[in-house]
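Q: Give the three-dimensional model of this entry:
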Amino acid sequence: MRDCDSRMEQPTPRRPVNGLNVEIATPLPRCINKPPVNTLGVEADAIRWLASGGSELAFGVCDVDDCPLRCRQ
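A: Down below sits the predicted model:
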């Protein structure tokens, strides 16, 4: 699955310094073929979403069993 062109890896975010000292986990890889859906159920255009500054975290999680392209290892 790592060789899939639709997979977007996220870097581990910087750990903010605060009084709670909350640990941050590494975000799961995202799939560009699972774009965000608005409240009307319409899928966003992935390229326009990313170009306008939208977060990659809004896309669906990259999963081998639920791959729209059926990319296998």
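
Q: what's the closest non-adjacent residue to the most centrally placed residue in the chain?
A: The residue lying closest to the centre of the chain (C-alpha atoms, centre = their mean) is residue 30, at 3.0 Å. In this structure, residue 30 finds its nearest non-sequential neighbour in residue 59, 4.1 Å apart by C-beta to C-beta, 6 or more residues apart in numbering. (Each C-beta comes from the backbone N, C-alpha and C, glycine too.)

Q: Identify the residues contacting that neighbour.
A: 8, 30, 31, 32, 34, 35, 36, 46 (C-beta atoms under 8 Å, 6 or more residues apart in numbering).

Q: any idea which of the residues you listed is the one closest to residue 64?
A: Comparing the contacts of residue 59 against residue 64 with C-beta to C-beta places residue 31 closest, at 10.5 Å.

Q: So which residues of the protein form strands?
A: Assigned by DSSP state E, the strands in the chain fall at 7-8, 30-31.

Q: This completes my enquiry, with thanks.
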